[in-house]
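>>> return a 3D structure for these sequence lines:
(one chain, ligands or ions: 3)
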Amino acid sequence: MTATVPTTAALQTARVAVLGYGSQGRAHALNLKDSGLDVVVGVRRNGPSWEKARADGLKVAEPAEAVKEADLVAVLTPDMVQPALYRDAIEQNLKPNAALLFAHGFNVHFGQIAPRKDIDVILVAPKGPGALVRREYEKGHGVPCIYAVHQDASGKARDKVLAYAAGIGGARAMLIETNFGEETETDLFGEQAVLCGGATELVLAGFETLVEAGYQPEIAYYEVLHELKLIVDLLHEGGLAKMHQYVSETAQYGDLTRGPRVVDAGTKARMKEILDEIRDGRFAKEWVGEYQAGNGNYRSLKQKDLAHPIEQVGASLRSRMPWLNPATPAVTTVPAP
Ligand code: NDP
Ligand code: MG
Ligand code: MG
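Ligands and ions are numbered 1, 2, ... in the order given. Down below sits the predicted model:
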């Protein structure tokens, strides 16, 4: 954690270009502007973001044009489109000593982007989705961020990264210093082993176990998916202690004696294999290769996942629980590269 609270001073006279106006891009651009910085959004003229950013009152330009005038360029498009964006719009247009900022270190860490040597390369990754980054800022708070300096050509990279983190509201909460390797590897591991990969497989295996044993799918859905949120919220708010405080003694005893049989030393050994594949670049090579080959395998795996019986049961049950906002459309497509 940083000792003094950073301010936006180091970017006060700078032009900041935010490339991409999606989850993170919109939140960063609006927060930076409201923090008094000079912001331009760089997006494709024919894409939906163009009008959206203009309607929000921001200056908008094509990415290459936005980069030419900028002292700091934040690359906030999806990770897989960043290498082409760097090659086509950034590399030849960025001023010497300007800063290139990422919210995830994937492309730099795994060599998909080799930044010019005469620029600063920095990272600010908020620990929350863009909507939360914006909402907390508007309330006068901020979402904690991790930050890193990968390359310091100007001698001022650290001042700039802290000023950017302050501008999006992160310094109001907490800033933790990291490096591109730690941010990238831990982010990938978390989503693969625990948050997305681990949690969904745990839910599906539990659902299948109950349904195969003859229990009703609707009841199984409530027990292994719906109620997961209650437990995750308790963990999120107060760790293991708060969860123990709010569940029954029977649940606690079952957790302590049966939990370690479900997730055991074999699971941890496989987690270590997954971490090894991330660290030595095998995962990055596979994913970049899949993307470049047209996402065929990714698409078919996703279709298979969404065809699981738990999805039909879930859709029908959620439609009877309007507080869950069931009207939110499900994302079922994989964008073409
Ligand atoms: P999004 O998927 O929300 O980005 C969408 C934006 O990218 C749109 O403005 C879109 O413009 C633009 N875009 C998409 N494809 C292209 C293309 N081919 N060329 C130019 N622009 C394109 O991104 P996220 O906000 O989810 O992620 C941005 C970065 O932040 C990533 O590095 C991610 O890892 C990181 N990150 C994301 C978090 C999150 O909560 N989502 C959390 C922390 C980090 P158009 O309207 O023209 O299609
Ligand atoms: Mg991630
Ligand atoms: Mg347990």
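>>> so residue 140 belongs to a helix, correct?
No - read with DSSP: H, G, I helix; E, B strand; the rest coil, residue 140 is coil and lies in no helix.
>>> do you know the pLDDT at it?
Note on residue 140: pLDDT of 97.
>>> once you drop chain neighbours, what's closest to it?
Distances taken as C-beta to C-beta, 6 or more residues apart in numbering place residue 172 nearest to residue 140, at 7.5 Å, with adjacent residues excluded. Quick note: C-beta positions are derived from backbone N, CA and C, even for glycine.
>>> right, and that neighbour touches residue 141 too?
Yes - taking C-beta atoms under 8 Å as the definition, residue 172 is a contact partner of residue 141 at 5.7 Å.
>>> of these two, which one has the most company?
The neighbour count for residue 172 versus residue 141, taken as other C-beta atoms under 10 Å, is higher for residue 172 (18 against 11).
>>> now residue 93, what's its secondary structure?
coil.
>>> where does the residue most central in space within the chain land on pLDDT?
Centroid-nearest residue in the chain: residue 129, 6.4 Å away (criterion: C-alpha atoms, centre = their mean). Looking at residue 129, its pLDDT is 95.
>>> again, but for residue 324
For residue 324, the predicted pLDDT is 89.
>>> name the nearest residue to it, ignoring sequence neighbours.
Nearest residue to residue 324, sequence neighbours excluded (C-beta to C-beta, 6+ apart): residue 318, at 5.2 Å.
>>> and for residue 181?
That would be residue 109: by C-beta to C-beta, 6+ apart, it lies 5.6 Å from residue 181.
>>> for that neighbour, give me its contacts.
For residue 109, the contacting residues are 180, 181, 184, 185, by C-beta atoms under 8 Å, 6 or more residues apart in numbering.
>>> the first one reaches residue 147, doesn't it?
This means residue 180. No - using C-beta under 8 Å, residue 180 is not in contact with residue 147; the gap is 10.8 Å.
>>> downstream of the lengthiest helix in the chain, the next helix or strand is which one?
Secondary structure of the chain per DSSP state H: the longest helix is helix 228-246. Elements were assigned by DSSP states H and E; along the chain past helix 228-246, the next helix or strand is helix 249-262.
>>> thinking again about what came up before, quick check, nearest of the contacts of residue 109 to ligand 1?
Of all the contacts of residue 109, residue 184 has the smallest distance to ligand 1: 9.4 Å, by C-beta to the nearest ligand atom.
>>> what's the burial count for the closest one?
Neighbours of residue 184 (other C-beta under 10 Å): 26.
>>> can you show me the CA trace of stretch 171-179 as CSV?
Extracted C-alpha coordinates of stretch 171-179, given in CSV (Å, rounded to 0.1, in the frame of the first residue of the first chain):
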residue,chain,number,x,y,z
ALA,A,171,-6.6,6.0,-4.5
ARG,A,172,-9.8,6.8,-2.5
ALA,A,173,-9.9,3.1,-1.6
MET,A,174,-6.5,1.4,-1.8
LEU,A,175,-3.6,0.9,-4.2
ILE,A,176,-1.4,-2.1,-4.2
GLU,A,177,1.8,-2.2,-6.2
THR,A,178,2.5,-5.3,-8.4
ASN,A,179,4.2,-6.2,-11.6
